[in-house]
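>>> only geometry, no sequence info:
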């Protein structure tokens, strides 16, 4: 019976392949206790494939990020290992304006929030609990993030003037707070700028999820989230951009002073990413130069072929500041009554088809809109909104972020009380 012990070699190999544990490709979730100079501390990596505005590379225990939009460089190294010596950080008390190099250990665990898109990204990554404070005047639309921030410390900015150079930094003092996520480059050694709003590509905007994830060693999670957004976006784009009949969309505003007088009208141009998204949704984008008009007839002549108007106006307040307009404000601001009294053929398609929108459908009582938050990175859902603007016969009313004003769709005001988790 000796032959029973002679197992098939192929079967042995197969069994071994089945039972061998999978390699552990995962970045550290905390600090390490020993340092190995030959080790790759970040087996999970991200890369920027689109026009995001940042670049990232890895070497041993460090990540090297160049934020081309803010004009800053960031070196992130694994906590518990020595900081890299191949890049010299800008001294914290430097008078240098711009082009700072900043160094921090990761993963982050106690950060300060002053960036709306970062707030959305942290929620997507499940990292809300890493927020330990926020800037004093920072506001978001997310109900659960509102509730979280309400119970956390609020920090202020420091304004120092030395040798005629004004320096602004976040006053995190001698606390255990690690750094601040902001939306603009600052001469501050402990702030990092997150800029999806300035990316030139729709999917490049979504790649800022990878950027933020790198500060928490969550590259694997970010890659998974981004892959889903990319797949859904491209699938939708290929379907919508082949539409035969395309509507034309343009951006405009009325200009009103505090006493309520309308002093003119303007045609604006969308950012590159928005123009791309509108085109991917099957819309023609009005792409002439920015124009200003002193009389309403000239404005309506210039916009006479538009099927969709996206309004950018703000309604001035008597004692300063501004608020978002409602349909009655737009009727006055765009002199809708005047054009309607001129009879048939005078009204542009966007008035006839009730297709005037604003991107403030989701707003908070602290004057935050989700345009600056989730819309900036969830571009697959944004494309769904834009395709509804393109396909609706009498103005879309089922969008996530775009509010139809002629249909008098109200703002969805959100507060911490709306948090369900």
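Done, it's in. Only a predicted model underlies this, so the values are computations on that prediction, with no experimental measurement involved.
>>> rest of the way, CA atoms for contacts and neighbours
OK.
>>> Name all residues that make contact with the nearest residue to residue 300 once chain neighbours are set aside.
Nearest in space to residue 300, with sequence neighbours left out and distances taken as C-alpha to C-alpha, 6 or more residues apart in numbering, is residue 348 at 7.2 Å. Listed by C-alpha atoms under 8 Å, 6 or more residues apart in numbering, the contact set of residue 348 reads 300, 303, 304, 305, 306, 307.
>>> Save those as JSON lines, and put in secondary structure and pLDDT too.
Output for the contacts of residue 348, formatted as JSON lines (DSSP: H, G, I helix; E, B strand; the rest coil; pLDDT from 0 to 100):
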{"residue": "300", "secondary structure": "helix", "pLDDT": "95"}
{"residue": "303", "secondary structure": "coil", "pLDDT": "95"}
{"residue": "304", "secondary structure": "coil", "pLDDT": "94"}
{"residue": "305", "secondary structure": "coil", "pLDDT": "94"}
{"residue": "306", "secondary structure": "coil", "pLDDT": "96"}
{"residue": "307", "secondary structure": "coil", "pLDDT": "97"}
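>>> Need the mean per-residue confidence for stretch 61-74.
The pLDDT scores in stretch 61-74 average 97.
>>> for that stretch, which positions count as buried?
Of all the residues in stretch 61-74, those buried under the rule 16 or more other C-alpha atoms under 10 Å are 61-67, 69-74.
>>> Among those, which one lies nearest to residue 28?
Relative to residue 28, the closest of the buried residues of stretch 61-74 is residue 61; by C-alpha to C-alpha it sits at 10.8 Å.
>>> Please list all residues in contact with the closest one.
Contacts of residue 61 (C-alpha under 8 Å, 6+ apart): 37, 39, 40, 41, 42, 77, 78, 81, 84.
>>> switch the cut-off to 10 Å
Counting by C-alpha atoms under 10 Å, 6 or more residues apart in numbering, residue 61 touches 35-42, 76-84, 105.
>>> Can you flag which of those residues belong to strands?
Among those, the ones falling in strands (DSSP state E) are 76, 77, 78, 105.
>>> of the residues you listed, closest to residue 407?
Distance ranking of the ones in strands among the contacts of residue 61 against residue 407, using C-alpha to C-alpha, places residue 76 first at 49.5 Å.
>>> isn't that closest one right next to residue 66, touching?
No: Residue 76 is beyond contact range of residue 66, at 11.3 Å (criterion: C-alpha atoms under 10 Å).
>>> ok so, going back, tell me which two in the buried residues of stretch 61-74 are the farthest apart.
Based on C-alpha to C-alpha, the longest span within the buried residues of stretch 61-74 runs between 61 and 69 and measures 25.3 Å.
>>> hmm, back to that, take the ones in strands among the contacts of residue 61 and write them to a markdown table, including neighbour count.
Formatted as a markdown table, these follow (neighbours: other C-alpha atoms under 10 Å):
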| residue | neighbour count |
| --- | --- |
| 76 | 24 |
| 77 | 25 |
| 78 | 28 |
| 105 | 21 |
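>>> Farthest pair within these?
Spatial extent of the ones in strands among the contacts of residue 61 (C-alpha to C-alpha) is set by the pair 76 and 78 at 6.9 Å.
>>> so what sits against both of those two?
Common neighbours of residue 76 and residue 78, counting by C-alpha under 10 Å, 6+ apart, are 61, 62, 63, 84, 104, 105, 106, 107, 215, 216, 217.
>>> Next up, the contacts around residue 88.
Counting by C-alpha under 10 Å, 6+ apart, residue 88 has contacts 75, 101, 102, 103.
>>> separation between the third one and residue 52?
Here the criterion is C-alpha to C-alpha, to the nearest Å. By it, residue 102 lies 20 Å from residue 52.
>>> try the second one
Between residue 101 and residue 52 the distance, using C-alpha to C-alpha, works out to 20 Å.
>>> Those two: who's more crowded?
residue 52 (26 against 20; other C-alpha atoms under 10 Å).
>>> How about the contacts made by that one?
Here residue 52 is in contact with 67-69, 195-208, 211, 273 (C-alpha under 10 Å, 6+ apart).
>>> what does residue 236 give?
230, 280, 281, 380, 381, 383, 384, 387.
>>> can you tell me the helix or strand for it?
Assigned by DSSP states H and E, residue 236 belongs to helix 219-240.
>>> Name the next helix or strand following that helix along the chain.
Next helix or strand after helix 219-240 toward the C-terminus (DSSP H and E): strand 247-256.
>>> Paired strands for the very next helix or strand once past that next one, with orientation please.
Counting by DSSP H and E, the next helix or strand C-terminal to strand 247-256 is strand 262-268. Here strand 262-268 is paired, per DSSP bridges, with strand 247-256 (antiparallel), strand 291-293 (antiparallel).
>>> of the ones you listed, which approaches residue 180 most closely?
Closest to residue 180 of the strands paired with strand 262-268, according to C-alpha to C-alpha: strand 247-256, at 33.6 Å.
>>> next one: the closest one to chain centre, how far?
Mean-position distance between strand 247-256 and its chain equals 23 Å (C-alpha atoms, centre = their mean, to the nearest Å).
>>> returning to that earlier point: list the buried residues in the helix holding residue 236.
Neighbour-count burial for helix 219-240 flags 219-223, 225-226, 229-230, 232-233, 236-237, 240 (criterion: 16+ other C-alpha under 10 Å).
>>> Out of those, which comes closest to residue 420?
For the buried residues of helix 219-240, the nearest to residue 420 is residue 225 (22.5 Å; C-alpha to C-alpha).
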